[in-house]
Structure formats: structure tokens, C-alpha cells
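Colleague: Requesting a structural model of the entry that follows:
(2 chains)
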Amino acid sequence: MSDFPIEDPQFWIVTLLSISAVILLLWSRNSSKKRDQGGSCGGCKPK
Amino acid sequence: MATTLHVTLAGNPNVGKSTLFNSMVSGKSRISNHPGITAESVDGFRDRDKDRLLVTDLPGTYSLHLDLPEAKLCRQHLDQDVEFAMLIIVIDAMGLRRNFQLFSELTQLEIPMAAVVTKSHEAQLRGYQIDLELLEEQLGIPVIGAAERSDVRSLEIDDLIDGARIPAQIPAQGQSIEQWGTDLLAKVSKPVHPEQARRRRLRDDRLDRLLIHPILGLTLFLVAMTLLFGSVFWIAQYPMEWIDALFGKLGVWISSRMDEGALRGLLVDGVIGGVSGTLVFLPQIVTLFFLVSLLEETGYMARAAFVADRWLRPFGLPGQAFVPLLSSHACAIPGILCSRLIPDRRDRLATILVAPFLSCSARLPVYILLVGILFPDRPIAAGAAFIGCYLLGAVAAVGTAGLVRRTLLPGRSLPMVLELPPYRIPSVKEALRIAFDRGMSFLTNAGTVILLICIALWWLSNYPSTPAGAEVTALRESAAMQSDPIEANSLLERARSLELRESAQASYAGRLGRWVEPVLAPVGADWQLSVAVLASFAAREVFVSSLNVMVGVGQDLEDPTSMARIRGSKRDDGSALLPPASAAGLLVFYVLAMQCLPTLAVTRKETGGLRWALLQLTWMTAVAWILGTATRSVMMAMGFSG
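Modeller: Presented below is the predicted three-dimensional model:
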């Protein structure tokens, strides 16, 4: 049976870090889209 | 509150506006040695002591009255009634007369103006120089000059802005612009070393006959590119090994100082494993852009464009498509934005549709990994395979364009007019600056987007966790009963390895990978590679980092370096994760697949609907899957393991 180790404090730390990472990722994508009018996918950059 | 002074940069295409713009604001525009790189106006700010500058870089145009998108955009911008406006016209000393038409039109606006004259060194190579003081007197506005592109950065722009004046309307009544231009040119243009310039022109003509020859030119282009990519592998392999070893040691050091647990796993496998999987490619990226910049500075790339134009037109792509397609080698998005300069809608749609086939720089880490697996310790063969990837993308692009222009978008395309710059010794300093900029951009990306994706992916590949299975428990019990410590250790290691694999398979990422695996298996991807392929939709280079996180979580590998980790990792059945046939299949898949969500979003925006974006996604994925599967099958039939 699969489960989450909710009694382990480290589980909560890594979960919070991962959720923060996803939020930051979405936010950084959104703000870079507004900032870089010239355009770039973020993965690569125009010369 | 400080006032805002609106400064607009205008000029002909490829005169150096973007370089000037970058020197005036904190650098966020694109520069290249070919016309049309600024497809839309770009704004930037700079604070001065007394006021704030809002600088707008307009796309290059020869006249405001042309029926072209860039001229319309300039007209729209200049028609705005903005307070505190001034205009800087950037004039190219190489073709002074050609700039006068636009200058004359701008004088009608009656706003303060100043001028920056660029490329005066190139003009001297052609045998003449411009007397800037006399030009200032004749135009009636302050003028400063930059001999080289790099000199623009050290110009006293603030003094120029403060000294801007409203010029008299030119030409005066009763005079033609042609006559005025001819008279002015005769006054301000002075011959310099005419004999040397004549010899230089003869030499350039001789070189041109060779380099833009339809067959010889193409052959030389392919040879130059193979040497270039071979050098990238050869030069960068040592620093790449150092970076990889450094991160490997860092992972081992942290592991030895932290107790086993989720935090250590996240730090070692998620953060260090993931980021090192991308950072290890920094030397190749920096070397490639350094060498390409050197080549571009010599004036060779404009000749390459000329050669390419001949080969593009039969496939229904217009001459103007060359610049967007060339830009797409850095990133497809500016390439697609550049397509706005193509006047014909059908030409533009065909260019947008095929631009993502060209190998962008985000694909480089994937190419380097897979080519490195296919040709270990053979830099020339690896270089040839590398150029093969670029060629495959280019062939797919022109092939698709040919198909689309004969079916969905029928019609003929227009020829291209291109000015060939003189040949020159490249500036190492400028090439180093560009390589540094690209390296920093790559580092920033690795430190933000890739790091965040790796953290999230690590969580998805670890949870939900699963209790040890019956086989793992049995192995551990056998180990406890063993009297021989070596045998006991071996059983424990097997139990650990099995536990990690079971845990990775039960995780969210493992379930997702298993769900997608049947679709990607013919290309050569197991469930771990399938997760990496899916994750790389956000950013292509995440493929290597994701893979590094997946194999780090699911396997207890002894070698901590990322390349060796991926090379040594296994599938569930114990066979190699990336045998030659699968590595080749995946490489072909990556060259051709539309693995980039932001590009799809831009295609949707630029084509005005979802239809072309969906066609792009479906067509590219289908071509990638079919050719990837075919490559793997052919290699397996030839006896390679897959």
C-alpha cells in the first residue's frame, strides 16, 4: 500500500519546498513573459 | 518626481540600433550581424540624475512610407503625441546615401533630433571616411560616431541627448532628396587609402566568388560547420569533466555529513543532481557561441545567408525567411517574431510553422548527452553527428515548408536582397562578451527554472512512498541470517537497489512514466526517459536534469558524476537505459519534436488562432516519432542493442 510519511517532519519540509518551487516557477514564467518583450522561451535566449 | 524623456532610436535595418539600445538601457535587446533582428519596438529604461529615459528601439526601415509591417510600426510610434520626445537616428557610414531618405522624412516631424554614425571603420576599409563635424553642420543636429560596433558602448550618449535640436526640413523647397544627398555626400565623404581599398575589394570579390558559389559555397559551409562543432566537443570536454567531477564530489561530501532522509535526498538527488545535469554543458554552450560570433564577425554568415537563399526558394520559403530561420537556431520564439517582417501572409505562416524545426540552443544539452553516449571519446565523429542534428532539423524545416506551400499555402515566394559586409578580422573581445552573455543567461536559467523543476520532479518521483515489497523483505531476512559478511552485504545492496526501484515506480512520476511509456517505447524511451521527455515540455534542456534526478532517485549508483550516472543507469529489466539504438532514436526524436510549450503559445499568438499551433504540434511530434522509431529499428536491424 502506498502512503505519505506524515509523521516525518522532513516530509513536510520537502513538500513545502516543492510547492514553493511550483508557485515560483509559475510566477517567474508569468513575469518573464511580461518583462521580455523581445521574446524568448526562457529555456534558450535570443542572441 | 523626475520627468521621463522619451528617446526613440530609428534608422535603416542593420545599422546598429540594437547595440546602441543595449548600451543605453540595461541590455535586453537582440543584436546580430544581419538585418531585421528587431521585429517589433522594444522599450527600456535608464535613470539619470535629472530625469528618466524611456528608450524605444524601433525596427529598421528604409522609409516610413513603405507598405511593410516595420514601416507601419514606426509610423504608429512616431505619430503618438508624446511630451519630452526626442529622436536619435542611427546612420550607417557604409551606405550614407541610403540613410538620407529616412532622415528627410524624420525632419518633417519637427522634434529634437541627434545622430549616431556607425560602422565608420568598415567604411574606411571600403576606402572613404565621413567628416563628422561637417556632417553635423550640414544636418543641423549633433552627431557622434562609433568606428566599431563595440565602440557604441563607450559613446557619450547623455551629451548627445541633451544637445538634440530640431533640424530644418530637408530637402528645402525646390530641391530633390537625391540631389541633396549627392551634394552632401560629396562634401562629407573623403577618400582614405584608395589603392588599399581597391585591393581589398578585389580580394573580397575573389573570396565571394568562392564562398557564395552554389555548390562550392555549400560544401565550404558544411565543412566549416563540421569543424566548428568538432572543435566545440574537443575544446569543451575537459572543463565539462571538471564541472561534473566537482558536483559529484559535492554530492558525496553532503551525503557524508547529513543523515539519510528526505532532506538529504532532495539536496543531493534533486538540487545537486538536477542542476549539475544542466551546468555540465556550460563549456560547450560558451565555446559554441564564442566560435559562431567569431565567424559572424568575419562577414562570412552574410555569405552563408546568400548561399542558403538559393536553396530555400525552391521549397517555397521566401528570401526574408532566412533571418527568422537563422534566429531560430538561438531560440524559435524571436525567430517566429521576426517573421512579422515577411510581407506575404502565406510566406509568413510557412516560416512560423517550420521555425521550431531548427535546432535551438536549449536542445544542445540533449544533443551533447546523446551524441556523447553514441560516440564516446571520438570528438570528430561526435562533431559530425552534431552537425547532422542541425542538418536534420533544417531538412525537416525546408521539407515541411515545401509540402505546406504545395498544399495548404500554395503560391510563389519573393527573392531576397542582401548587403554583403566587407571581410574583416573578428574581434575576440566582442566574441568573448557574447559568449559570456550566453553563458550567464544559461546559468541564470539553470539557477531558476531548472532548479525549481528539479525540486518539484524530485518530490513527484519520491511520493507516495511504498513499504518494502515481499522480495525486498526476503532479501533482508536472508542477509540477516548470512554468516559471510561479504555475501550479506551483497544481499543488502540488492535489497536496497530493488527498494529504490519499487519506490520510484510507485511514485507519481513513475506512474505517469509508465502511462506514457507505451507511446514512447518504440523511440527508445522506458518509463524514466518518458518522464524526462514530459518534463522537458517546460524547457527542453530540463530533459538531462530530469533524467539525472530520476536515475538518482531510482538507483544507488556508485559514480556520482551526472554523465556517468546516466550512462551507467539501467532499465527495470537490468539492461542499459540508453543503448546505442535507443540513444539514436531519442536523438532524432529530440531534433524534430515540438518540445516547447512557450513556442506553441507564440505560434498561436502570431497566427491569430489555435489551428496553426495545433498543426505545428501534431506534425512535428508525428514526424519526430516516426523518424525516431525508424532510426531505432534500423539500428537494431543492423545489430546495435536497443
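Colleague: For the stretch 151-300 of chain B, which segments count as helices?
Modeller: Ranges of helices in the stretch 151-300 of chain B, per DSSP state H, counting those that start in this stretch, are B:157-162, B:177-188, B:194-211, B:216-257, B:262-265, B:273-279, B:282-297, B:300-312.
Colleague: what sits up against the shortest one?
Modeller: Outside helix B:262-265, the residues that touch it by C-beta atoms under 8 Å, 6 or more residues apart in numbering or on different chains are A:P5, A:D8, A:Q10, A:F11, A:I13, A:V14, B:I254, B:S255, B:M258, B:W458, B:N462, B:V553. Just so you know, the C-beta spots here come from the backbone N, C-alpha and C atoms, and that holds for glycine as well.
Colleague: Which positions in it come out as buried?
Modeller: Using 16 or more other C-beta atoms under 10 Å in any protein chain shown as the test for burial, helix B:262-265 gives B:A262, B:L263, B:G265.
Colleague: Okay, and the closest residue in space to the first one that isn't next to it in sequence sits in which element?
Modeller: By that I understand B:A262. Counting by C-beta to C-beta, 6 or more residues apart in numbering or on different chains, A:Q10 is the residue found nearest to B:A262 once chain neighbours are left out, at 4.0 Å. Assigned by DSSP states H and E, A:Q10 belongs to helix A:9-35.
Colleague: Return the member of the buried residues of helix B:262-265 nearest to chain A.
Modeller: For the buried residues of helix B:262-265, the residue nearest chain A by C-beta to the nearest C-beta is B:A262; the value is 4.0 Å.
Colleague: ok, now how distant is that closest one from A:F4?
Modeller: Distance, B:A262 to A:F4, using C-beta to C-beta, to the nearest Å: 11 Å.
Colleague: which residues do these two both contact?
Modeller: Between them, B:A262 and A:F4 share these contacting residues under C-beta under 8 Å, 6+ apart: A:F11.
Colleague: Any chance of JSON lines for the buried residues of helix B:262-265, columns distance to B:I486 and pLDDT?
Modeller: Output for the buried residues of helix B:262-265, formatted as JSON lines (distance: C-beta to C-beta, whole Å; pLDDT from 0 to 100):
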{"residue": "B:A262", "distance to B:I486": "31", "pLDDT": "89"}
{"residue": "B:L263", "distance to B:I486": "32", "pLDDT": "91"}
{"residue": "B:G265", "distance to B:I486": "28", "pLDDT": "86"}
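Colleague: What count of nearby residues applies to B:N99?
Modeller: Residues lying near B:N99 (other C-beta atoms under 10 Å in any protein chain shown) number 22.
Colleague: which residues touch it?
Modeller: Contact partners of B:N99, counting by C-beta under 8 Å, 6+ apart, are B:G11, B:N12, B:V15, B:I89, B:I91, B:D92.
Colleague: residue ranges of the helices in the stretch 351-500 of chain B, please?
Modeller: Along the stretch 351-500 of chain B, counting by DSSP H, counting those that start in this stretch, helices occupy B:364-374, B:379-406, B:428-445, B:451-462, B:470-481, B:485-506.
Colleague: Which secondary structure state does the spatially most central residue of chain B sit in?
Modeller: Centroid-nearest residue in chain B, with C-alpha atoms, centre = their mean: B:A330, separated by 1.5 Å. Applying DSSP: H, G, I helix; E, B strand; the rest coil to B:A330 yields a three-state assignment of coil.
Colleague: quick one: it from chain A, how far?
Modeller: The gap separating B:A330 from chain A is 5 Å, by C-beta to the nearest C-beta, to the nearest Å.
Colleague: Same check on B:A576?
Modeller: B:A576 is 28 Å from chain A, where distance means C-beta to the nearest C-beta.
Colleague: That residue: how many residues sit nearby?
Modeller: The local packing of B:A576 (other C-beta under 10 Å) involves 16 other residues.
Colleague: which regions of the stretch 1-150 of chain B sit below the pLDDT cut-off?
Modeller: Where the stretch 1-150 of chain B drops to pLDDT under 70, the residues are B:1, B:26-40, B:84, B:147-150.
Colleague: which residue ranges form the helices in it?
Modeller: Using DSSP H, counting those that start in this stretch, helices in the stretch 1-150 of chain B cover B:17-24, B:69-79, B:96-107, B:120-125, B:132-139.
Colleague: Point out the most buried one among these.
Modeller: Sort the helices of the stretch 1-150 of chain B by mean neighbour count, taking mean count of other C-beta atoms under 10 Å in any protein chain shown, and helix B:17-24 sits at the top with a mean of 24.
Colleague: which strands and helices sit next to that helix?
Modeller: When contacts are defined as 3 or more C-beta pairs under 8 Å, 6 or more residues apart in numbering or on different chains; DSSP states H and E, helix B:17-24 packs onto strand B:3-11, strand B:42-47, strand B:51-57, strand B:85-92, strand B:113-118, helix B:157-162.
Colleague: Please repeat the previous calculation with a cut-off of 7 Å.
Modeller: Judged by 3 or more C-beta pairs under 7 Å, 6 or more residues apart in numbering or on different chains; DSSP states H and E, helix B:17-24 is in contact with strand B:3-11, strand B:42-47, strand B:51-57.
Colleague: Just the CA atoms of the shortest one, as PDB, please.
Modeller: Provided in PDB are the C-alpha atoms of strand B:42-47 (Å, rounded to 0.1, in the frame of the first residue of the first chain):
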ATOM      1  CA  VAL B  42      11.400  47.300 -27.700                       C
ATOM      2  CA  ASP B  43      11.300  49.600 -24.700                       C
ATOM      3  CA  GLY B  44      13.900  50.000 -21.900                       C
ATOM      4  CA  PHE B  45      14.500  52.400 -19.100                       C
ATOM      5  CA  ARG B  46      17.500  54.200 -17.700                       C
ATOM      6  CA  ASP B  47      17.600  56.600 -14.700                       C
END
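Colleague: May I have the strands that pair with that strand, each with its orientation?
Modeller: Strand B:42-47 pairs in its sheet with strand B:51-57 (antiparallel), by DSSP bridges.
Colleague: before we move on, back to that, reformat the helices of the stretch 1-150 of chain B as a markdown table; add distance to B:T298.
Modeller: Converted to a markdown table, the helices of the stretch 1-150 of chain B look like this (distance: least, C-beta to C-beta, whole Å):
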| stretch | distance to B:T298 |
| --- | --- |
| helix B:17-24 | 18 |
| helix B:69-79 | 28 |
| helix B:96-107 | 23 |
| helix B:120-125 | 13 |
| helix B:132-139 | 27 |
